[in-house]
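> coordinates only, sequence not included:
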């Protein structure tokens, strides 16, 4: 259930849920739990013995608890958070998610930021935020699986002042991002669409062929010496290699056969992503056919992102989220 | 501040917090001597950065377990108090953690163990030093915790400003302490038992204000002591803050030429001792403090009844038995740190029929007495035969012809002759001895009384100091009975501490008294009185004609407690509103904000308000898109505002006016 009508307005259930949700959540830390146990122990001892010095200690301990609530509220009350999404992210691989945090007045301390709803594992830590000075913090987060990812809220927590409690405030901050399938492994690449490869195929620096001459450059180690321009090399006194436009570049169209969403489809997407990356790194053109849609073979980082995005969305149909 | 410096600061604060907590325990004087020694070593090693347990965690834990077994073994065998064993173990755990690898988690463990020490110290000590230690512990522990929290889960070696953290945490600690006091006052006391352990003689040490003999010779060091040895609540309360009265402790009837002793035999212990008629007597509730260090009961002259007494020890308060020793003294049988008891006193002596044998014993002189003493007495008394007149003459002569001094170095064979004929100066014991012996030479039964002279009101009670210790003489007349005579000059009766010391001790005693009365002995009755005072209507709330609470014609109160709470709530609300206004007025407003406000007013005047989700950054873009004629000046003004607000380029008044004037729309065409 999305929690919203088609016109973007929240449903009554969503509104009810929001209305009942407490503005802050409070959790005790490990030391906080021990502290509470000691406080209860001192309280019981004071009540049992009537020892006023124990009452004094108890008063101080209780006062510290109240103070923790007040000071932590001061920290998270006046904050503004902006999420800065990365260009891309792979499932089950850490990626950087950045948050820009500002406050108008006062200082904030010991702030932890993470995504609400448990959609991403990981958090960002900001030791201190001064008023009027935006702070950008990086969180190394991990998305559990590929596909569209809806980010609805950012949780800002603080352990200030004594680390006994973790007070959390949620900011409603909606964003969408696509998590690409993990490039975990790849098997042998499929056959090329046509022709055989020639030249130093497989070399990452391969950029020659029989097209128009693009330029000359010094021959690198382990490169094919057949493309050396001997005349120019003799003039320059070093081995120069001819660089041409694509001619040796082969074309691959990868096909994803599985249609039903599930582990099999996820596995095939991961494999396809891995092969895509490998083929593109080898200097080939790669296309994709999946779910009745086709991406024409191409090369370059932008093209790889298009293929990865298409793979990420496989199985999610028309539903874009 | 870099990570190393921050860590060092945090660890030092942690160590000082632990030391403060341990000091609270150690000052109670209850710990085995090995524990303070071990803890002191751990503290010094930690301060020097030497942490042997960082690489030997298992070994240190094993050593700790062995110590735990030893401590609790002693406790089980009854050789060590269980609370003391527990506190000792907490101290050892704190030391072990201090010498381990420092980290925020280790620091928290040290502070928690130190907190247990503070709780343990509350059970062991009732001294004012505890307050100081608690304050110190609270401050250092909170600062250390605050620094640890800002470090975060992973310590990073990056520059971090520490002073804002310390500033805010310090403010928080101050508020927490104030809150702690409020909690202490208002937290409902569900137990009537005030089970604080008694303090020992404290850092200032004990005194021997009352001994079982008076030996002539040596200086009168005790007269310079300002330590309070007993506290008294007197009913009916005297009018004067300084009492200047005798407090009888012990009578001495046998003199051997050098020292006075008692010869009475103890009677069977009883809970109460009745000596004489109590009608019209002054009641005194006396607390003999640990500094007194004696079991002899004291009362205003002349005590006629000693009531129920309690011995106060680390185990709490227990009823004590009283033992009367002849006519010399009444003492408590049980040995304890301190005692409380009730005594009734009358101004006159109880009518005792003294038998002739007893009176004859009070005229006995030692064989070694210098014959010049009797000759001197004869010369002073002349032909007087009435004991009272003889005593008056001798008393007057001694006061006027001999001087008071505490400087009596060296030992002499016959201190009385030395006092009367050579040195001609001495302290109260010399004067009392001289008077008693001279009276005996004249056949008047006389004895020396040891006790105190003075009494000073501090707080609600009177205190008597060790320096108030005094000796005087009681003489018997067949007509008048027992009478009191004091040959010591007036300037030698009360305590004579050095001025500065007296002032310091006085401040300390006043603080101690305040601490004891307001904190240690704070009870549900005090709490009830406090709340009653809070809701008590002002005096003018009653009718002018009413005479008091008990007046049946008094009009009912004009306000009920409920109304008082409502009024208090309203008053609190008003204070809060006022405070909010004041703090809001003090908030710093960025100078550029005024410019933005003026610009927005201009925009509204030009019929260019913001649209939904639009702000000063987006408005110029829309105006440019619409090719509005004010697009350019609005763009200039908005850019300049953003530069002034966020780019650290201040905006001058003239420039502001120029920019705002440019935004003003031209007047409509006629």
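Great, that's in hand. Here the structure is a predicted model, which is why all the values come from computation and not from measurement.

> okay, CA-based contacts and neighbour counts for the rest of this
Fine.

> State the mean pLDDT of stretch A:99-110.
For stretch A:99-110, mean pLDDT rounds to 86.

> Can I take it that residue B:488 is in a strand?
No - going by DSSP: H, G, I helix; E, B strand; the rest coil, the assignment for residue B:488 is coil, not a strand.

> you'd agree it is up against residue B:432?
Yes - the criterion here is C-alpha atoms under 8 Å, and residue B:488 meets it with residue B:432 at 7.1 Å.

> Between those two, which contacts overlap?
residue B:472 (C-alpha atoms under 8 Å, 6 or more residues apart in numbering or on different chains).

> For residue A:244, give its distance to residue A:217.
Residue A:244 is 11 Å from residue A:217, where distance means C-alpha to C-alpha, to the nearest Å.

> quick one, which of those two is more surrounded?
In this view residue A:244 and residue A:217 are compared by other C-alpha atoms under 10 Å in any protein chain shown, and residue A:244 has more residues nearby, 19 against 15.

> Show me where the stretch 451-600 of chain B has its helices.
With DSSP state H, counting those that start in this stretch as the criterion, the stretch 451-600 of chain B has helices at B:499-515, B:524-535, B:561-586, B:591-605.

> Can you name the next helix or strand after the longest strand seen in chain A?
Counting by DSSP state E, the longest strand found in chain A is strand A:165-180. Toward the C-terminus, strand A:165-180 is succeeded by strand A:213-218 as the next helix or strand (DSSP states H and E).

> That following strand: partners in the sheet, and parallel or antiparallel?
strand A:240-244 (antiparallel) (DSSP bridges).

> Check the offset of the strand it pairs with from the chain's centre.
Relative to its parent chain, strand A:240-244 has a centroid offset of 40 Å by C-alpha atoms, centre = their mean, to the nearest Å.

> Report the mean per-residue pLDDT for it.
81.

> pLDDT of the helix or strand that comes right after that strand, averaged?
Note on strand A:240-244: by DSSP H and E, the next helix or strand toward the C-terminus is strand A:251-256. Averaged across strand A:251-256, the pLDDT comes to 84.

> Which elements pack onto strand A:251-256?
helix A:263-281, strand A:285-290, strand A:293-298 (3 or more C-alpha pairs under 8 Å, 6 or more residues apart in numbering or on different chains; DSSP states H and E).

> of those, which approaches residue B:102 most closely?
helix A:263-281 (44.9 Å; C-alpha to C-alpha).

> Can you give me the buried ones in that closest one?
A:265-281 (16 or more other C-alpha atoms under 10 Å in any protein chain shown).

> for stretch B:638-649, same thing?
B:638, B:640-642, B:644-645.

> And stretch B:272-292, by the same measure?
Applying 16+ other C-alpha under 10 Å to stretch B:272-292 flags B:272-273, B:275-278, B:281-292 as buried.

> now stretch B:593-607
Here stretch B:593-607 shows B:595-596, B:599-600, B:602-603 as buried, counting by 16+ other C-alpha under 10 Å.

> next one: stretch B:152-168
For stretch B:152-168, by 16+ other C-alpha under 10 Å, it's B:152, B:160, B:162, B:164-166, B:168.

> between those residues, which is closest to residue A:151?
Nearest member of the buried residues of stretch B:152-168 to residue A:151, counting by C-alpha to C-alpha, is residue B:152, at 25.2 Å.

> So which residue is dead centre in chain B?
residue B:512 (2.8 Å; C-alpha atoms, centre = their mean).

> Could you break the chain into its assigned domains?
By default, I'm working from chain A. A:18-180, A:213-244, A:251-313 (automatic domain parsing).

> try again with chain B
According to automatic domain parsing, the domains of chain B span B:3-186, B:214-497, B:591-663.

> and the shortest one, how far out from the chain's middle?
The reference is to domain B:591-663. 65 Å.

> Residue B:2: which of the helices and strands packed on strand A:251-256 is closest?
helix A:263-281 (42.8 Å).

> How confident was the prediction at residue A:13?
Model confidence at residue A:13 (pLDDT) stands at 79.

> After the helix or strand it falls within, which helix or strand is next?
Using DSSP H and E, residue A:13 sits within helix A:12-20. Downstream of helix A:12-20, the next assigned helix or strand under DSSP H and E is strand A:24-28.

> helices or strands next to the helix or strand following that following strand in the packing?
Remark: after strand A:24-28, the chain's next helix or strand is helix A:30-49, criterion DSSP H and E. Packed against helix A:30-49, as judged by 3+ C-alpha pairs under 8 Å, 6+ apart, are the following elements: helix A:52-77, helix B:104-124.

> buried stuff in the shortest one?
Meaning helix B:104-124. Buried, per 16+ other C-alpha under 10 Å, within helix B:104-124: B:104, B:106-124.

> Those residues also near chain A: which ones?
B:108, B:112, B:116, B:118-119, B:122-123 (C-alpha under 8 Å from any C-alpha of the partner chain).

> Just the closest of the residues you listed to chain A, please.
residue B:122 (5.2 Å; C-alpha to the nearest C-alpha).

> The closest one against residue A:53, yeah?
Yes - using C-alpha under 8 Å, residue B:122 is in contact with residue A:53, at 5.2 Å.

> Quick one: low-confidence residue ranges for the stretch 101-250 of chain A.
For the stretch 101-250 of chain A, the stretches flagged by pLDDT under 70 are A:184-189, A:191-211, A:222-224, A:245-249.

> Around residue B:431, how many other residues sit close by?
28.

> What sits closest to residue B:179 if chain neighbours are left out?
Counting by C-alpha to C-alpha, 6 or more residues apart in numbering or on different chains, residue A:63 is the residue found nearest to residue B:179 once chain neighbours are left out, at 5.3 Å.

> show me the contacts for residue 102.
I'll assume chain A. Here residue A:102 is in contact with A:79-81, A:129-135 (C-alpha under 8 Å, 6+ apart).

> wrong chain, I was asking about chain B
residue B:11.

> And it, how close does it get to chain A?
16 Å (C-alpha to the nearest C-alpha, to the nearest Å).

> Relative to chain A, which residue of chain B is the closest?
For chain B, C-alpha to the nearest C-alpha, closest residue to chain A: residue B:180, 4.1 Å.

> Mind checking what secondary structure residue 309 has?
Since no chain was named, I'll use chain A. Recorded secondary structure, residue A:309: helix (three-state DSSP).

> wrong chain, I was asking about chain B
strand.

> Pairing partners for the host helix or strand of residue B:249, with directions?
In this assignment (DSSP H and E), residue B:249 forms part of strand B:242-252. Neighbouring strands of strand B:242-252 in its sheet, by DSSP bridges, are strand B:299-300 (antiparallel), strand B:446-458 (antiparallel).

> Residues in contact with that strand: which ones?
If you take C-alpha under 8 Å, 6+ apart as the criterion, strand B:242-252 is touched by B:210, B:212-213, B:260-263, B:296-303, B:327-329, B:447-457.

> Any of those residues buried? List them.
B:210, B:213, B:260-262, B:296-303, B:327-329, B:447-457.

> Would you mind giving me the confidence score for the residue of chain B closest to chain A?
Note on residue B:180: pLDDT of 88.

> same deal with the one 10 residues further on?
In this model, residue B:190 is scored at 69, pLDDT.

> Next to chain B, which bits of the stretch 51-200 of chain A? Give me the list.
Residues of the stretch 51-200 of chain A lying near chain B (C-alpha under 8 Å from any C-alpha): A:51-64, A:67, A:71, A:107, A:109-110, A:125, A:127-128, A:159-163.
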